[in-house]
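Undergrad: for reference, the sequence and a predicted model appear below.
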Amino acid sequence: MASSSTAFDLDQNERPVEDFYKLLDISKNATAEEIKKAYKRAALKYHPDKVGSHPEAVERFQRIRRAYDVLNDPDKRNIYDSYGEQGVTAMETMGGRVPMFHPGMLVVINRIFFLLTICVALLILFPAFLSMRADGKVQWPWVAVFTPLFILDALVLLIAWVNFSREPEDETSEEDFADKESHEEHKRKSKAEKRLSTAITFTYVILLTILQVLIALRLDSVITTSWLVVSVPWFALEAFHGIVAIPALFSKFAMGAYDIDASGDPSPRSLNALEKLKAISDAYVPWALRVIQVVLIDVKANGAAFSWAATFSPVFIYVFLELVSLVLSYQEYRRSRQSATNEQAAEKKAVLGFNVFGFVLLAFTVCYTVGMLITRLNNSDDTTPSSAVILVPVFIIMSTLFCCTCCFLPTILCCWKLSTMAAQEGEEEQVEIINEDRRITNE
């Protein structure tokens with residue numbers, strides 16, 4: 001019959017990780033005071049000065065101390081109860097603050113996934129309804145076709161209102177400020193910034209909703225006004241974007257740029273004329289192209305004589321400018337690669353690769369969709385290719401997002417949690433492991 005042995009007789013890699021609650025001989029519902037008393041008892045009982053300073057005793061005492069440090073901290077204890085010691089270790093490795101590990105945060109993440117799933121589903125329904133109505137498969141009024149967008153607008157407004165109704169969390173304390181008045185002033189500014197952000201969100205969504213309603217009514221011939229008038233809410237949004245970009249540009253000019261000196265430290269400097277011109281171009285060229293595109297579509301829809309290819313020329317100009325920007329980024333990467341460290345070069349290469357992938361996806365989606373749309377509009381029968389074929393890239397992208405929000409990302413999160421819970425349960429059930437060299441066989 002095999003003699004009994006403890007886990008501490010085994011090598012480090014073979015030793016099971018003992019549950020912290022069992023290590024302190026307490027229940028999982030133990031209070032903070034009970035944890036403290038249990039730690040004192042265990043520390044006195046297993047202190048190396050009392051039981052000897054051999055490695056097993058020292059390690060057991062360290063594990064007892066580790067168990068107390070984790071269970072005595074409410075946040076670490078919550079994470080340990082949900083994910084075991086692996087979760088606590090990951091939390092400590094990443095600076096002690098990993099919100100997604102917190103059980104309460106998981107509820108928030110699940111709600112976000114649920115809301116994103118609903119939003120993406122509505123975004124899939126709208127092009128589906130649009131293609132059926134445009135191809136004559138159904139004879140719904142256009143207001144009904146826009147129903148998924150109306151629901152989405154209402155959902156965003158509801159979320160914004162709920163967020164506005166909540167009191168903003170203040171992560172600062174009075175110790176961070178010179179006096180109580182400064183702290184109160186900081187809280188008032190935070191609340192005012194939140195109200196401004198919510199007001200901007202409300203304005204955006206309301207203007208977009210008005211635009212959608214006007215487009216649906218114009219397509220249903222309920223109103224017969226010019227398409228330029230229908231697009232007034234959009235022009236209002238673009239005007240706001242143009243105004244907001246001005247202080248952002250001045251802030252960027254004031255911040256300047258940083259060069260890496262010979263010692264590897266950042267050295268601040270002012271932007272040169274070319275860099276300022278690039279900043280202005282990045283801010284206003286896409287904005288101008290969007291405005292011009294909407295104007296051209298409205299004028300063409302009102303009966304202008306130029307072609308549909310000319311109507312959508314701003315879209316192709318935008319894709320070309322993105323290609324030029326990508327080429328310039330690649331040249332900059334080649335110039336800086338020689339002086340950069342291996343880590344910096346690898347980071348820049350990864351960013352460049354991500355930008356290339358994004359451009360390929362953008363160029364294919366835009367060029368295919370717009371090209372097929374132009375072909376459809378130029379055909380005399382106005383039915384080929386079908387709207388469903390034109391919107392294939394849109395359906396692919398939206399379906400991929402739907403799978404990510406509904407299945408893929410939640411499944412990864414759930415599997416990770418289940419694996420840690422299973423590992424923790426396995427540790428609790430594991431009482432003793434006998435070293436292979438000490439087992440009794442029938443030989």
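TA: Great, that's in hand. Fair warning: this is a prediction, and the values are worked out from it, not measured in the lab. Numbering: from 1, shown residues only.

Undergrad: give me the local confidence score for residue 326.
TA: Looking at residue 326, its pLDDT stands at 91.

Undergrad: count the neighbours of the nearest residue to it once chain neighbours are set aside for me.
TA: In this structure, residue 326 finds its nearest non-sequential neighbour in residue 359, 5.3 Å apart by C-beta to C-beta, 6 or more residues apart in numbering. Glycine gets a C-beta too; all of them are placed from N, C-alpha and C. When counting by other C-beta atoms under 10 Å, one arrives at 16 neighbours for residue 359.

Undergrad: quick one: the helices in the stretch 101-250 of the chain, in order.
TA: Applying DSSP state H, counting those that start in this stretch to the stretch 101-250 of the chain gives helices spanning 103-134, 142-145, 147-165, 180-219, 227-230, 232-255.

Undergrad: export those helices to JSON lines and append columns for mean pLDDT, mean neighbour count and distance to residue 44.
TA: Output for the helices of the stretch 101-250 of the chain, formatted as JSON lines (pLDDT from 0 to 100; neighbours: other C-beta atoms under 10 Å; distance: least, C-beta to C-beta, whole Å):
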{"stretch": "helix 103-134", "mean pLDDT": "84", "mean neighbour count": "16", "distance to residue 44": "33"}
{"stretch": "helix 142-145", "mean pLDDT": "96", "mean neighbour count": "18", "distance to residue 44": "76"}
{"stretch": "helix 147-165", "mean pLDDT": "89", "mean neighbour count": "15", "distance to residue 44": "52"}
{"stretch": "helix 180-219", "mean pLDDT": "85", "mean neighbour count": "15", "distance to residue 44": "44"}
{"stretch": "helix 227-230", "mean pLDDT": "96", "mean neighbour count": "16", "distance to residue 44": "81"}
{"stretch": "helix 232-255", "mean pLDDT": "90", "mean neighbour count": "13", "distance to residue 44": "58"}
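
Undergrad: can I get the ones you listed in CSV including distance to residue 351?
TA: Below are the helices of the stretch 101-250 of the chain laid out as CSV (distance: least, C-beta to C-beta, whole Å):
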stretch, distance to residue 351
helix 103-134, 26
helix 142-145, 40
helix 147-165, 31
helix 180-219, 29
helix 227-230, 40
helix 232-255, 19
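
Undergrad: out of those, nearest to residue 399?
TA: Evaluated over the helices of the stretch 101-250 of the chain, closeness to residue 399 peaks at helix 103-134, with 6.8 Å, by C-beta to C-beta.

Undergrad: circling back: next one, pLDDT for the residue nearest to residue 326 please.
TA: For residue 359, the predicted pLDDT is 94.

Undergrad: was I right to think residue 373 contacts residue 391?
TA: No. The criterion here is C-beta atoms under 8 Å, and residue 373 misses it with residue 391 at 9.2 Å.

Undergrad: ok so, going back, quick one: what helix or strand has the residue nearest to residue 326 in it?
TA: Taking DSSP states H and E as the definition, residue 359 sits inside helix 342-378.

Undergrad: what is that helix packed up against?
TA: Judged by 3 or more C-beta pairs under 8 Å, 6 or more residues apart in numbering; DSSP states H and E, helix 342-378 is in contact with helix 308-311, helix 313-337, helix 387-390, helix 392-403.

Undergrad: which of the residues in that helix are buried?
TA: Residues 348, 352, 355, 359, 363, 365-366, 369-370, 372-374, 376 are the ones in helix 342-378 that count as buried (16 or more other C-beta atoms under 10 Å).

Undergrad: relative to helix 392-403, how tilted is that helix?
TA: 130 degrees (axes from the mean of the first three to the mean of the last three C-alpha atoms, to 10 degrees).

Undergrad: where does pLDDT dip in the stretch 1-150 of the chain?
TA: Counting by pLDDT under 70, the ranges of the stretch 1-150 of the chain that qualify are 1-18, 90, 93-108.

Undergrad: same thing but 80
TA: Low-confidence regions of the stretch 1-150 of the chain, defined by pLDDT under 80, span residues 1-18, 49-54, 57, 75, 79, 82-111.

Undergrad: where exactly do the strands run in it?
TA: Assigned by DSSP state E, counting those that start in this stretch, the stretch 1-150 of the chain shows no strands.

Undergrad: before we move on, back to that, surely the residue nearest to residue 326 and residue 320 touch.
TA: No. Residue 359 is beyond contact range of residue 320, at 11.1 Å (criterion: C-beta under 8 Å).

Undergrad: gap between residue 37 and residue 84?
TA: Separation of residue 37 from residue 84 (C-beta to C-beta, to the nearest Å) stands at 24 Å.

Undergrad: look at these two and report which has more neighbours.
TA: residue 84 (23 against 14).

Undergrad: now the more buried one: how far from residue 19?
TA: To residue 19, residue 84 is 9 Å away according to C-beta to C-beta.

Undergrad: coming back round to it: quick one: closest of the helices of the stretch 101-250 of the chain to residue 58.
TA: Using C-beta to C-beta, the helices of the stretch 101-250 of the chain put helix 103-134 closest to residue 58, at 33.4 Å.

Undergrad: what is the closest one packed up against?
TA: Judged by 3+ C-beta pairs under 8 Å, 6+ apart, helix 103-134 is in contact with helix 74-93, helix 142-145, helix 147-165, helix 387-390, helix 392-403, helix 409-429.

Undergrad: what is the fourth one packed up against?
TA: The reference is to helix 387-390. Here helix 387-390 touches helix 103-134, helix 342-378, going by 3+ C-beta pairs under 8 Å, 6+ apart.

Undergrad: so which of these is nearest residue 80?
TA: helix 103-134 (10.7 Å).

Undergrad: make CSV out of the helices and strands packed on helix 103-134 and add distance to residue 196.
TA: Listed next are the helices and strands packed on helix 103-134 as CSV, based on distance: least, C-beta to C-beta, whole Å:
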stretch, distance to residue 196
helix 74-93, 32
helix 142-145, 33
helix 147-165, 11
helix 387-390, 40
helix 392-403, 30
helix 409-429, 31
